[in-house]
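>>> Next come a sequence and a model predicted from it.
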Amino acid sequence: MMGSLEDIRRRCDSFEERISLHSGEEFLFRALKTEDSALLASYFQSLSENTRKVFGPHPFTKEQAEALCAQIDCGPALRLIALTERGARPKIVAYFILGLRLSEGDEKRYRDRGTVWDNPDSVCSIAPSVADEYQNRGLGGILMGRTLALARHVGRSHVLLQGGVRADNARGIHFYRKCGFRKVASFSGTVDSFDMILDLAQAPRVKRSEHQRNVTAARIGSKER
Ligand SMILES: CC(C)(COP(=O)(O)OP(=O)(O)OC[C@H]1O[C@@H](n2cnc3c(N)ncnc32)[C@H](O)[C@@H]1OP(=O)(O)O)[C@@H](O)C(=O)NCCC(=O)NCCS
């Protein structure tokens, strides 16, 4: 499986999938683009205190959204967004980060416990978030499946949690277990947390639904016309 930076950039730029919930509601899941700055800022501003408490990869400001969109670079991290087109204009309802280079903190925690990867490029990290009003509806599970498939495509074999998961985040821990992650250690930083990891070789592969195949076929057909 190819995992060169060029291959990753190509896959990241073109990553775009339509997904649907059991309710029939549809979303576009795609890579963040330069023009998404205002949408991303609205998403950040919409997050509740509860969500911000457990999901904190960076500040949730308009300036942060502008900076992330001004420097789209898939080398260190792929930033993925799910959009709903219900309403007057598109709205971001989920933001997932797939870290392709481990942060110093994540790398150090694992190294201090004696975990050394033969190939550091085989490990990636994940930080998922879903808008408050869309949580607990199965969206995160579907997006996680797509993100893990992408991680496989860019040559990763293991996925760990960016900064771990807070020990008091019962839903987060249940969610990661349901997605195939296993707890490997506890640690205490500002709060008690767990490190969890997923071996992609053992994780169930996402089966694309008939609906997804039809949507993709329709899109390919429309490009060819
Ligand atoms: C974690 C998160 C990404 C999951 O996305 P989601 O769309 O809510 O996930 P799903 O609906 O697919 O699954 C949620 C699961 O948690 C379960 N759950 C909900 N509340 C729970 C609780 N208090 N304790 C345990 N499990 C809980 C749901 O029943 C569901 O499990 P099931 O499918 O076995 O029934 C999302 O909830 C979120 O953004 N949370 C806030 C930010 C966060 O915690 N990010 C991770 C930081 S490490």
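Thanks, I have it. Numbers count the residues shown, from 1 in each chain.
>>> Now do the same contact list for residue 85.
26, 28 (Cβ atoms under 8 Å, 6 or more residues apart in numbering). The C-beta positions use only the backbone N, C-alpha and C, and glycine is treated the same way.
>>> what does the model give it for pLDDT?
You'll see residue 85 listed with a pLDDT of 86.
>>> measure it to residue 27 for me?
Relative to residue 27, residue 85 is positioned 8 Å away (Cβ to Cβ, to the nearest Å).
>>> tell me which parts of this structure are close to the ligand?
Counting by Cβ under 6 Å from any ligand atom, the residues of the chain close to the ligand are 51, 54-55, 128-130, 135-141, 161, 165, 169-172, 174-175, 178.
>>> repeat that for 5 Å
Proximity of the chain to the ligand, by Cβ under 5 Å from any ligand atom, involves residues 51, 54-55, 128-130, 135-136, 138-141, 165, 170-172, 174-175, 178.
>>> how about the helices in this protein?
Applying DSSP state H to the chain gives helices spanning 5-14, 37-46, 49-54, 62-70, 104-112, 139-153, 170-178, 210-224.
>>> residue contacts, the residue in the chain positioned nearest to the ligand?
Per Cβ to the nearest ligand atom, residue 140 is where the chain lies closest to the ligand, at 2.0 Å. Applying Cβ under 8 Å, 6+ apart to residue 140 gives the contacts 94, 128, 130, 175.
>>> just checking, the last one touches residue 141?
The one in question is residue 175. Yes. Using Cβ atoms under 8 Å as the test, residue 175 is close enough to residue 141 to be in contact (7.3 Å).
>>> More neighbours: which of the two?
residue 175 (19 against 14; other Cβ atoms under 10 Å).
>>> and residue 190, how many neighbours does it have?
By other Cβ under 10 Å, 7 other residues sit near residue 190.
>>> Can you pull the phi and psi angles for it?
phi -70, psi -30 (degrees, to the nearest 10).
>>> before we move on, back to that, per-residue confidence at the residue of the chain closest to the ligand?
98.
>>> Could you do residue 204 as well?
On pLDDT, residue 204 comes in at 70.
>>> in terms of contact, does it touch residue 180 like I think?
Yes. Under the criterion of Cβ under 8 Å, residue 204 makes contact with residue 180 at 6.7 Å.
>>> More neighbours: which of those two?
Neighbour totals were compared for residue 204 and residue 180, and residue 180 leads with 18 against 9 (other Cβ under 10 Å).
>>> Relative to residue 181, how far out is the closest residue to that one other than its chain neighbours?
Among residues not flanking residue 180 along the chain, residue 203 sits closest, at 4.2 Å (Cβ to Cβ, 6 or more residues apart in numbering). Distance, residue 203 to residue 181, using Cβ to Cβ: 9 Å.
>>> what about those two, which has more around it?
Ranked by neighbour count (other Cβ under 10 Å), residue 203 and residue 181 place residue 181 first, with 23 against 18.
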